[in-house]
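A.B. asks: My questions concern the predicted model and sequence given below.
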Amino acid sequence: MRQIIIIGSGPAGFTAAIYAARANLKPLLIASSVEAGGELMNTTEVENYPGFPDGIQGPELMSKMQEQAERFGTEVVYDDVTELELSGDTKTITLGSGEKHEALSVIFATGSAYRKLGLDDEERLSGRGVSWCATCDGFFFKEKTIAVIGGGDSAMEEATFLTRFASKVYVVHRKDTLRASKIMQERAFANPKIEFLWNSQVVGITGTDAVDGLVLRNTVSGDETLLPLGGIFVAIGNDPRTHLVHTKLDLTPEGTIAVAGRSSKTSQTGVFAAGDVIDPTYRQAVTAAASGTVAALDAEHYLASLPENLLASAGEPALA
Amino acid sequence: MSARAVTDVTFDQEVINNEKTVLVDFWAEWCGPCRAVSPILDQIASENADKLDIVKLNVDDFPALAAKYQITSIPAMKVFQKGEVVKTVIGAKPKVALEKDLAAYLA
């Protein structure tokens, strides 16, 4: 049994691990088998993380966070949680390998997943011109006309990045203003390869074997038009990744895990949550990191309040 | 046994004319999810060496083959039997999920 297990390996998970490890709680961090490092692994330059005035590549930032967490004794496992038992004093976590781990406290920092458009042809044409990862797939759209759907920072970043490959990038947005930060907007506006299609809702994706167009509905006039193109990148936001705890923890109306006030305390004693999975609003690397700190401090406080005999049972980290 | 690299020169021999079922992992150095799924494919390869060959094709080095197989997202894992693509799996997935997708070729 352990004192603490952290689920998730983005900025929230690794920052929680740094704090927990420095508090000598010997955390085990479940990093996921294929998504270790979280969303920043699929970004390029991160320009708004304090301490890196020249910017830093997303994957490099994550590998530095991991290094820092491991330096103080965090143990990292590359596997996925398949089952969670969160009630009672002892929490049990089952991994894809079948291995079970027990702990007195859990920090849940599973982040969020790309939101889908929810159109019939989206799944069918996924990997055939519909993509969620510009850094992975931009390469295949050299000299093509493509579209990025969305109006936030990630949509602007993807559109700007994709102009390295594509001959033309449309940014398709439902509204007539962007949610993206000013600097990202201005960069996109200044790029001669980017054209904005405002008040445009995607109502269909066309193509038999591969994407060949988008059906757009103008949200003002109601007119529908077909935009021929070779690929689309969906960047319309993220949904908190809560499927493991749907029936186990209280959620908010926005779908995030409910926490008490400014703390990380969930509806289950000894279970804390941090990062995008509790945050429907800000969702930045640095806010996730801060949230990981809050969770580690809350968990530390909780562990200190437990009776001696319980803590003694978590003296040595071991398999359940 | 880890997945070996194929090239445009060895593709016909290693994939198209292979008697065994072959999974080709289309990947690139700059693709994070490709790097994440690579050790999982190595594991599946070594655990199923008698049933399935797993090879890797670098799309940066061999763009013509990537274009021929209409790759637009990586990692793209294509299963070949008798020179024909019989199954495509797109995106990095945990081992259990990949094994489920490939169950028909691992039995």
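C.D. replies: The structure has been received and is ready for your questions.
A.B. asks: how far away is residue A:29 from residue A:125?
C.D. replies: 36 Å (Cβ to Cβ, to the nearest Å). In short, each C-beta sits where N, CA and C put it, glycine included.
A.B. asks: actually residue A:143, not the one I wrote
C.D. replies: 20 Å.
A.B. asks: Please apply the same query to residue A:136.
C.D. replies: Per Cβ to Cβ, residue A:136 is found 16 Å from residue A:125.
A.B. asks: Pull up the residues of chain B that are close to chain A.
C.D. replies: Within chain B, the positions adjacent to chain A are B:28, B:30-34, B:36-37, B:40, B:59-60, B:66, B:70-74, B:76, B:88, B:90-96 by Cβ under 8 Å from any Cβ of the partner chain.
A.B. asks: Turn the buried ones among those into a named PyMOL selection, would you?
C.D. replies: Buried members of these, defined by 16 or more other Cβ atoms under 10 Å in any protein chain shown, are picked up in PyMOL with:
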select buried, chain B and resi 28+31+32+33+34+36+37+40+59+66+70+71+72+73+74+76+88+90+91+92+93+94+95
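A.B. asks: from the residues of chain B next to chain A, which ones fall inside strands?
C.D. replies: Judged by DSSP state E, the subset of the residues of chain B next to chain A located in strands is B:76, B:88, B:90.
A.B. asks: Quick check, residue A:250 in contact with residue A:256.
C.D. replies: No. Using Cβ atoms under 8 Å, residue A:250 is not in contact with residue A:256; the gap is 10.4 Å.
A.B. asks: Show me which of these two is the more surrounded one.
C.D. replies: Between residue A:250 and residue A:256, residue A:256 has the larger neighbour count (other Cβ atoms under 10 Å in any protein chain shown), namely 19 against 11.
A.B. asks: burial measure for the closest residue to the more buried one other than its chain neighbours, as a count.
C.D. replies: Spatial nearest neighbour of residue A:256, excluding adjacent residues (Cβ to Cβ, 6 or more residues apart in numbering or on different chains): residue A:240 at 4.6 Å. As a burial measure, residue A:240 scores 23 neighbours (other Cβ under 10 Å).
A.B. asks: And residue A:240, its phi and psi?
C.D. replies: Recorded main-chain torsions at residue A:240 are phi -60, psi 140, according to degrees, to the nearest 10.
A.B. asks: And it, how far from chain B?
C.D. replies: 19 Å (Cβ to the nearest Cβ, to the nearest Å).
A.B. asks: list the contacts for that residue?
C.D. replies: By Cβ atoms under 8 Å, 6 or more residues apart in numbering or on different chains, the residues touching residue A:240 are A:110, A:111, A:112, A:254, A:255, A:256, A:257, A:276, A:277, A:278, A:280.
A.B. asks: So what does residue A:220 have for phi and psi?
C.D. replies: Backbone torsions for residue A:220, taken as degrees, to the nearest 10, come to phi -90, psi -50.
A.B. asks: Then residue A:185?
C.D. replies: Main-chain torsions, residue A:185, degrees, to the nearest 10: phi -60, psi -50.
A.B. asks: just residue A:52 next, same as before
C.D. replies: Note on residue A:52: backbone dihedrals following degrees, to the nearest 10 are phi -120, psi 80.
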